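S.K.: curious how this folds, go ahead:
(chains A and B)
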Amino acid sequence: DAGITQSPRHKVTETGTPVTLRCHQTENHRYMYWYRQDPGHGLRLIHYSYGVKDTDKGEVSDGYSVSRSKTEDFLLTLESATSSQTSVYFCAIGKGNDNSPLHFGNGTRLTVT
Amino acid sequence: GQSLEQPSEVTAVEGAIVQINCTYQTSGFYGLSWYQQHDGGAPTFLSYNALDGLEETGRFSSFLSRSDSYGYLLLQELQMKDSASYFCARGANTGFQKLVFGTGTRLLVSP
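M.R.: Sure, this is the predicted structure:
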């Protein structure tokens, strides 16, 4: 299995507080992604990275920011959490070409109260 | 647009064959992937079709018809452990392996 670790696995936070989720990989993959998964919506891309300090927005990036200071770490930050950001967040790593698989972490379940 | 449509739920019995369809709408095309996700787990890669036709991997096969903007996942000799959600996904037309996922099909396998 690809070495991807997400932390924390579960978090409950209050509306308006900042939250940072961490994704750590040991595969040295250049590409890293943050997806959120909600019932009826499948997986939607929030942000992705194609190298250290190289990031870009995905389909649902409003309210989120990311940083990648090292190849192995990709951080997702909710600057001021809202109830609509209650979701399961998945980090994924890949080689950047569609014919290779994305490898997903085990997810972080975030509840914003 | 880049939406992918799948049935929300499919039911079948052990030993049967089931087909999960995926239709997509897009002006470009970068291949169709399939992922499996068990409840509470992470999505895992099953297959990828770059060209039209059938790709077979054990009990699972995936088919693509680019002219029809349609693909399907075929699961044979169903087992209870196949109960899971299945997602089709396609590459976005900007590269970087930015997959766009369908809403998923929940497969329930009964004895």
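
S.K.: OK, contacts around the single nearest residue of chain B relative to chain A?
M.R.: Ranked by CB to the nearest CB, the top residue of chain B for proximity to chain A is B:F45, at 3.3 Å. Quick note: C-beta positions are derived from backbone N, CA and C, even for glycine. B:F45 is in contact with A:101-103, B:33-35, counting by CB atoms under 8 Å, 6 or more residues apart in numbering or on different chains.

S.K.: dump those to a markdown table, plus distance to A:Y50, pLDDT and secondary structure.
M.R.: Below are those laid out as a markdown table (distance: CB to CB, whole Å; pLDDT from 0 to 100; DSSP: H, G, I helix; E, B strand; the rest coil):
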| residue | distance to A:Y50 | pLDDT | secondary structure |
| --- | --- | --- | --- |
| A:P101 | 17 | 90 | coil |
| A:L102 | 14 | 94 | coil |
| A:H103 | 16 | 96 | strand |
| B:S33 | 19 | 94 | strand |
| B:W34 | 24 | 97 | strand |
| B:Y35 | 21 | 97 | strand |
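
S.K.: can you tell me which of those is nearest A:E59?
M.R.: When the contacts of B:F45 are compared for distance to A:E59 (CB to CB), A:L102 wins out at 15.1 Å.

S.K.: isn't that closest one up against B:K98?
M.R.: No - assessed by CB atoms under 8 Å, A:L102 is found out of contact with B:K98, at 10.0 Å.

S.K.: now the common contact residues for the two.
M.R.: A:Y33.

S.K.: can I assume the residue of chain B closest to chain A sits in a strand?
M.R.: Yes - counting by DSSP: H, G, I helix; E, B strand; the rest coil, B:F45 falls inside a strand.

S.K.: show me what it bridges to in the sheet.
M.R.: B:Y35 (DSSP bridges).

S.K.: what separation is there between it and B:D39?
M.R.: To B:D39, B:F45 is 18 Å away according to CB to CB, to the nearest Å.

S.K.: and if you look at B:L108?
M.R.: Taking CB to CB, one finds B:L108 at 11 Å from B:D39.
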